[in-house]
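>>> Return a 3D structure for these sequence lines:
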Amino acid sequence: MLGRVLVLSASAGAGHLRAAEAIETAIRLRGLAFEVQHLDVLKYTNKVFRHFYSKAYIDLVNKAPEVLGWLYDYLDTPAKTDPIRLAFDRLNANPFIRYLERYQPDITICTHFLPAGIISSLKGEGRVKFMNTVVVTDFDVHAMWLCRHVEQYFVALEETKVHLRALGVPELLVTITGIPIDPIFGEQKDKRAMRCKHSLEPDRFTILVSAGGFGVGPVGHLMQALAQLSHPARVVAVCGRNVTLRADLADAVKKLAKRSVVSFTLLGFTTDMDELMTAADLYVGKPGGLTTSEALSKGLPMVVINPIPGQEERNSDHLLEQGAAIRCNNLPALAYKVDRLIDTPGKLAQMGENARAMGKPAAAFTLVDTLVALTGSHAGPTGRAMRYSTSQAK
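Residues are numbered from 1 along each chain as shown. Presented below is the predicted three-dimensional model:
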């Protein structure tokens, strides 16, 4: 056995969980002799703290995204609030700390900054000595991802690596992998076959709308806007685990379809997003790090709608810069913008090529292979990963 690997996420949005699951899947598919566990760290905190990190986050996304944007900018200064924030996090995460000290992994892979910061502070006190790695799940890196005691950062872009280097992180501690997504997104599948499998018209323009794993966002308004399309189209809306959202939309889209050339399909939570993205001609929605990376891996052009101020705004900037997406700031103009794309298939095809060029479907495997190389080059006499720590500048 090469060692114990603990993959750590936090259920504050679905992306961090999906990235962790992708890494766990890649380790197993590689057939490595690691003992792998995946923990949602919030399950090892108290109830009030857990609510603050999960439900409160989703409420802000839906009701006050501008507050999230303000917090994002306010906290984006290295070490600005570290002592207070870390003390608060540790106070509320004692069960997690006890688990770490009891389990003693050889490597932790953190897809959220909450466990990364706690582990870094414990390493600084000498309470734990295992290898701590951080996976940044957006295209840009925010100051809250920065930790003093980290052996490796995994990032999406060369620009992100340059940013970390400018902040004082040694170049050798940063690997460009892309954002880890389920390896299934790297499998080549036939568009027509996927449309047939999911009961979609083989020759109709197909638009995929996703509310994310937790079912958040202005999906109802999107349906109304897309119903104004001049071109016949099929809109597939994935409502995630939000049962209420799906029920509310069901009656609304029936009425919309009666006076529109657009047909609607509503889905709940699904594990077939790779097939739906293969079947689609266009993705319309929010540019979360994981969903965006999945779409890029499929060469799926995007229309960015209402990005959350902060990380999603920055993700959007990268997509627009590379020509993989367009942005619609006003929903009443959405149908006009999509109609224009349909009328210019050359532009749509170029956006798809640009998206595929940005995509890194093998990101999870690249990350795992890098870890194997790192632990192999630092292997102790027992074959388990050596325990060491590297301190970074602020």
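>>> Secondary structure element holding the spatially most central residue of the chain?
Geometric centre of the chain, nearest residue: Leu290, 2.7 Å, by CA atoms, centre = their mean. For Leu290, the enclosing helix or strand under DSSP states H and E is helix 289-297.
>>> Would you tell me what the next helix or strand after that helix is?
Next along from helix 289-297, by DSSP H and E: strand 302-305.
>>> Who are the packing partners of that next one?
Applying 3 or more CB pairs under 8 Å, 6 or more residues apart in numbering; DSSP states H and E, we find strand 302-305 packed against strand 282-285, helix 311-321, strand 325-328, helix 334-343. (Glycine included, C-beta is placed from N, CA and C.)
>>> buried residues in the second one?
In other words, helix 311-321. Gln311, Glu312, Glu313, Arg314, Asn315, Ser316, Asp317, His318, Leu319 (16 or more other CB atoms under 10 Å).
>>> does the third one really touch Pro307, like I thought?
Yes: because the distance of 5.0 Å satisfies CB atoms under 8 Å, Glu313 is recorded as touching Pro307.
>>> Mind checking what secondary structure His231 has?
Three-state assignment for His231 (DSSP: H, G, I helix; E, B strand; the rest coil): coil.
>>> Now do it against Ala335, distance only.
For His231, the distance to Ala335 (CB to CB, to the nearest Å) stands at 9 Å.
>>> hang on, the earlier thing: is it possible to get TSV of the buried residues of helix 311-321 that adds pLDDT?
Listed next are those as TSV, based on pLDDT from 0 to 100:
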residue	pLDDT
Gln311	90
Glu312	91
Glu313	93
Arg314	95
Asn315	96
Ser316	96
Asp317	97
His318	97
Leu319	98
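>>> Turn those residues into a markdown table, including distance to Lys255.
Listed next are these as a markdown table, based on distance: CB to CB, whole Å:
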| residue | distance to Lys255 |
| --- | --- |
| Gln311 | 35 |
| Glu312 | 30 |
| Glu313 | 33 |
| Arg314 | 37 |
| Asn315 | 34 |
| Ser316 | 31 |
| Asp317 | 37 |
| His318 | 38 |
| Leu319 | 33 |
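>>> Farthest-apart pair in these, please.
Longest distance between any two of the buried residues of helix 311-321 is 12.9 Å, between Gln311 and Leu319; criterion CB to CB.
>>> Now do the shared contacts for those two.
Shared contacts of Gln311 and Leu319 (CB atoms under 8 Å, 6 or more residues apart in numbering): none.
>>> residues contacting His142?
With CB under 8 Å, 6+ apart, His142 has these contacts: Tyr72, Leu75, Asp76, Phe113, Gly310, Gln311.
>>> and if we set it to 10 Å?
By CB atoms under 10 Å, 6 or more residues apart in numbering, the contact set of His142 is Tyr72, Asp73, Leu75, Asp76, Pro78, Phe113, Val136, Gly310, Gln311, Arg314.
>>> now swap in Gly186 and tell me
Residues in contact with Gly186 (CB under 10 Å, 6+ apart) are Asp274, Ser297, Lys298, Gly359, Lys360, Pro361, Ala362, Ala363, Ala364, Phe365.
>>> go again using 7 Å as the cut-off
Applying CB atoms under 7 Å, 6 or more residues apart in numbering, we find Gly186 in contact with Ser297, Pro361, Ala362.
>>> Most neighbours among those, which one is it?
When neighbours are counted by other CB atoms under 10 Å, Ser297 leads the contacts of Gly186 with 27 neighbours.
>>> Surely that residue and Phe185 touch.
Yes: Ser297 is within contact range of Phe185, at 4.4 Å (criterion: CB atoms under 7 Å).
>>> Which neighbours do these two have in common?
Pro361.
>>> ok, and Thr370, which helix or strand is that part of?
helix 363-377.
>>> Counting by contacts, list what that helix packs against.
helix 14-29 (3 or more CB pairs under 7 Å, 6 or more residues apart in numbering; DSSP states H and E).
>>> Summarise which helices and strands the helix holding Leu290 is packed against.
With contacts defined as 3+ CB pairs under 7 Å, 6+ apart, the packing partners of helix 289-297 are helix 14-29, helix 273-279, helix 311-321, helix 345-358.
>>> Nearest to Thr244 among the ones you listed would be which one?
helix 14-29 (16.8 Å).
>>> Residues contacting the helix or strand following the closest one, please?
Next helix or strand after helix 14-29 toward the C-terminus (DSSP H and E): strand 34-40. The contact list for strand 34-40, computed with CB under 7 Å, 6+ apart, reads 1-11, 17, 20-21, 24, 27-28.
>>> now strand 34-40, how far from the chain's geometric center?
Distance of strand 34-40 from the chain centroid (CA atoms, centre = their mean, to the nearest Å) equals 19 Å.
>>> Without its sequence neighbours, what residue ends up closest to Ala295?
Closest residue in space to Ala295, ignoring its immediate chain neighbours: Tyr283 at 4.9 Å, by CB to CB, 6 or more residues apart in numbering.
>>> In terms of pLDDT, where does that neighbour sit?
Looking at Tyr283, its pLDDT stands at 97.
>>> Ok, the one 10 residues further on next?
pLDDT, the model's per-residue confidence, is 97 for Ser293.
>>> try Leu256
Reported pLDDT for Leu256: 89.
>>> how many other residues sit next to the residue lying closest to Ser9 once chain neighbours are set aside?
Once flanking residues are discounted, Ser9 sits nearest to Ala20: 3.8 Å by CB to CB, 6+ apart. The number of residues packed near Ala20 is 24, by other CB under 10 Å.
>>> elements contacting the lowest-mean-pLDDT helix or strand in the chain?
Taking mean pLDDT, DSSP states H and E as the measure, the chain has helix 55-63 as its least confident helix or strand, at a mean of 73. Applying 3+ CB pairs under 7 Å, 6+ apart, one finds that helix 55-63 contacts helix 65-75.
>>> Thanks a lot, catch you later.
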